[in-house]
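[1] For reference, the sequence and a predicted model appear below.
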Amino acid sequence: MIRSTVVRSAVLILVLSLAAAAALHAVAQQPGLRRVSMIVTNGTVVTMDPARRILTPGAVAIDGHTIVAVGSPSEIAAAFAAGDVIDASGSVVLPGLVNTHTHAPMVMYRGLADDLALMDWLQKYIFPAEAKTVSPEMVRVGTRLAALEMIESGTTTFADMYYFEEEVGRATRAAGLRGVLGETIIGFAVADAKTPADSLKRTEAFLQEFAGDELIIPVPAPHSMYTVDGPSLVAARKLADKYGVPMLIHLAETADEVDIAKAKFKLTPAGYLDSIGVLGPTVVAAHCVWLDEADTAILKRNGVKISHNPESNMKLASGTAPVTRYLKDGLTVSLGTDGAASNNDLDMFEAMRQAAMLHKLATKDPQAVPAQTALEMATLGGARALGLEKKIGSLEAGKRADLIVVSMKGARQTPMYNPVSHLVYVAHGDDVQTTVVNGRVLMRDRKVLTLDEASVLADARALSVKVREAVR
């Protein structure tokens, strides 16, 4: 009796499975329906397209790594069929977030040294810690941890600056994230190079290894004008030009940096970089806290892109960047978290919220950085900063399928009158339910699919013991 019941159940399951497959095949074969790889439907779709359309509800059709259509659920259902349909009911669908400045492996120094000014933080704690602990293993383990955090919190593209950047590239590609990754060039001996000349050689090898990669753009990343000599800065820029890639650099992060530049060169940091021909439209300058109006004019004339890092700047008491001036003058302003050692997380929702609120307070103007502007900095503004606006940053046909699904079902998100307001002022990174990069689902319903979470966390915890012992 038991055996016959089991047999009947198995037969029933087989019949139902065959029926479902047949129904799916029938839908795909309906006249006029184009078969695509994925449809995300029934959510509120914040497109960030030129019209800044918000579709309530909306749907996105994806084929391979490309968005093929954005419209209402009925429009998409009438034209497309897919084997993978993600129901985004009760959620907001938007372009993946773009973090334009971080140091991914530095998640391993999260909380190691807090409540300090930048120069003390760097010179007394971070540089010594790095001298003792940075290795290919540390970079690999740290990047995997950072990638897990970014996937879970909706970042789909990030710009990075660190050592052994080839390890960052390999781990990032394996995790499925998109990265503009910079090999650090700095003026003193570090873990992967004894001199700037060594760093430049490593940088070119890195550029060659990842040339033409679909997800990884390798770039030079001279640390700053106060840690890299002029000839090395110029050489880094020439490498960027030779390979047709951006260049990443810290700029005017603190008042101390301005004092150093004026004492040494009789110029501001921006003025000095301009004088040696380093600035240009492919340069992404992180922080830009201490730029006067003449400096702003220099950046505008050269087409330099800005990565604003409000949380790190506040935590290190570096100052408040004059972002409203940059926006008024038409500069491209994007958002970064900086490394988790000085933030202390990689949550771009927090970066958006702090950017919007900080400048309201600083200017005493509630319209200084509206929610729409903060969201733009984290999506299309980030894409523009990295030279990727034709590929990512908005949900439009022909662009890469980088998108996230953010739940708005909880008490904290109820009621929702304005999805953009909720994304900036209410949402947290852990509200992200699904993350898609290049048409590949990296996380579905909070389950990361491209990384073994338990293994990533175990490796990071084991390495943290070595870090703690090294800096005692």
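    Structure received.
[2] Read off the pLDDT value for L118.
    Turning to L118, the model gives it a pLDDT of 83.
[3] Leaving aside the residues adjacent along the chain, what's closest to it?
    Leaving aside its sequence neighbours, L118 sits nearest to L316 (Cβ to Cβ, 6 or more residues apart in numbering; 4.7 Å). For glycine as for every other residue, the C-beta is placed from the backbone atoms N, C-alpha and C.
[4] these two touch, right, L94 and S394?
    No. Counting by Cβ atoms under 8 Å, L94 does not reach S394; the two are 9.2 Å apart.
[5] Kindly check the end-to-end length of stretch 170-179 for me.
    10 Å (Cα to Cα, to the nearest Å).
[6] contact partners of that stretch?
    With contacts defined as Cβ atoms under 8 Å, 6 or more residues apart in numbering, stretch 170-179 is touched by 104, 139-140, 143-144, 147-148, 150-151, 155-160, 168-169, 181, 213, 215-217, 392, 400, 402, 437-438, 440, 442, 450-451.
[7] before we move on, the earlier item: L94 and S394: who's more crowded?
    Ranked by neighbour count (other Cβ atoms under 10 Å), L94 and S394 place L94 first, with 27 against 23.
[8] And the helices in the stretch 351-472 of the chain?
    Assigned by DSSP state H, counting those that start in this stretch, the stretch 351-472 of the chain shows helices spanning 371-378, 380-385, 419-425, 453-470.
[9] okay if I get those as TSV plus mean pLDDT and mean neighbour count?
    Rendered in TSV, the data for the helices of the stretch 351-472 of the chain read as follows (pLDDT from 0 to 100; neighbours: other Cβ atoms under 10 Å):
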stretch	mean pLDDT	mean neighbour count
helix 371-378	98	24
helix 380-385	98	27
helix 419-425	98	21
helix 453-470	94	14
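[10] Of all these, which one is nearest D84?
    The closest of the helices of the stretch 351-472 of the chain to D84 is helix 453-470. By Cβ to Cβ, the value is 22.0 Å.
[11] so what does the closest one touch, helix or strand wise?
    Counting contacts by 3 or more Cβ pairs under 8 Å, 6 or more residues apart in numbering; DSSP states H and E, helix 453-470 is packed against helix 127-133, helix 136-152.
[12] Give me the contacts around it.
    With Cβ under 8 Å, 6+ apart, helix 453-470 has contacts from 107-109, 112, 129, 132-133, 137-138, 141-142, 144-145, 148.
[13] Just the buried residues of these.
    Neighbour counting by 16 or more other Cβ atoms under 10 Å classes V107, M108, Y109, L112, A129, T133, M138, V141, G142, R144, L145, L148 among the contacts of helix 453-470 as buried.
[14] sorry, back to before: which of the helices of the stretch 351-472 of the chain sits closest to D241?
    For those, the distance to D241 is smallest for helix 380-385, at 17.8 Å, taking Cβ to Cβ.
[15] hmm, back to that, out of the helices and strands packed on helix 453-470, nearest to S224?
    Ranking those by proximity to S224 (Cβ to Cβ) places helix 127-133 first, at 12.9 Å.
[16] now the closest residue to E376 other than its chain neighbours: how far from V98?
    Excluding its sequence neighbours, the residue lying closest to E376 (Cβ to Cβ, 6+ apart) is M48, at 7.0 Å. Using Cβ to Cβ, to the nearest Å, M48 is found at 11 Å from V98.
[17] Same question for N344.
    Counting by Cβ to Cβ, the gap from N344 to V98 is 20 Å.
[18] Can you report how many residues lie near G212?
    6.
[19] Please spell out which residues along the biggest strand by length in the chain are buried.
    Ranked by residue count and defined by DSSP state E, the top strand of the chain is strand 34-46. When neighbours are counted by 16+ other Cβ under 10 Å, the buried residues of strand 34-46 are found to be V36, S37, M38, I39, V40, T41, N42, G43, T44, V45, V46.
[20] ok, now stretch 348-365?
    Neighbour count says stretch 348-365 has 348-360, 362-363 buried, by 16+ other Cβ under 10 Å.
[21] got it, and stretch 74-90?
    Buried, per 16+ other Cβ under 10 Å, within stretch 74-90: I76, A77, F80, A81, A82, V85, I86, A88, G90.
[22] would JSON lines of these with distance to D431, pLDDT and secondary structure be doable?
    Below are those laid out as JSON lines (distance: Cβ to Cβ, whole Å; pLDDT from 0 to 100; DSSP: H, G, I helix; E, B strand; the rest coil):
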{"residue": "I76", "distance to D431": "24", "pLDDT": "98", "secondary structure": "helix"}
{"residue": "A77", "distance to D431": "27", "pLDDT": "98", "secondary structure": "helix"}
{"residue": "F80", "distance to D431": "28", "pLDDT": "98", "secondary structure": "strand"}
{"residue": "A81", "distance to D431": "30", "pLDDT": "97", "secondary structure": "strand"}
{"residue": "A82", "distance to D431": "25", "pLDDT": "98", "secondary structure": "strand"}
{"residue": "V85", "distance to D431": "21", "pLDDT": "98", "secondary structure": "strand"}
{"residue": "I86", "distance to D431": "16", "pLDDT": "98", "secondary structure": "strand"}
{"residue": "A88", "distance to D431": "13", "pLDDT": "98", "secondary structure": "coil"}
{"residue": "G90", "distance to D431": "11", "pLDDT": "98", "secondary structure": "coil"}
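[23] farthest pair in those residues?
    Across those, the longest distance by Cβ to Cβ is 23.5 Å; it joins A81 and G90.
[24] Look up how far Y272 lies from the closest residue to E149 other than its chain neighbours.
    Distances taken as Cβ to Cβ, 6+ apart place L346 nearest to E149, at 5.0 Å, with adjacent residues excluded. Plainly put, L346 is 31 Å away from Y272 if you go by Cβ to Cβ.
[25] Same drill for the two, tell me which one is more crowded.
    More neighbours surround L346 than the other of L346 and Y272, with 29 against 21 (other Cβ under 10 Å).
[26] contacting residues for that one?
    N99, T102, A104, V107, A146, E149, M150, S153, T155, F158, T337, A340.
[27] one more time with 10 Å
    Shown in contact with L346 (Cβ atoms under 10 Å, 6 or more residues apart in numbering): 99, 102, 104, 106-107, 110, 145-150, 152-153, 155, 158, 336-340, 429.
[28] With only the CA atoms kept, save stretch 369-387 in CSV.
    What follows is stretch 369-387, C-alpha atoms only, in CSV (Å, rounded to 0.1, in the frame of the first residue of the first chain):
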residue,chain,number,x,y,z
VAL,A,369,20.9,67.8,-2.5
PRO,A,370,17.3,66.5,-3.1
ALA,A,371,16.6,62.7,-3.1
GLN,A,372,16.6,62.6,-6.9
THR,A,373,20.0,64.1,-7.0
ALA,A,374,21.4,61.7,-4.4
LEU,A,375,20.0,58.8,-6.3
GLU,A,376,21.5,60.1,-9.6
MET,A,377,24.9,60.4,-7.9
ALA,A,378,24.7,56.7,-7.0
THR,A,379,23.5,55.4,-10.4
LEU,A,380,23.9,57.4,-13.6
GLY,A,381,26.4,59.9,-12.0
GLY,A,382,28.6,57.0,-11.0
ALA,A,383,28.4,55.5,-14.5
ARG,A,384,29.3,58.9,-16.0
ALA,A,385,32.3,59.3,-13.6
LEU,A,386,33.7,55.9,-14.7
GLY,A,387,33.0,56.5,-18.4
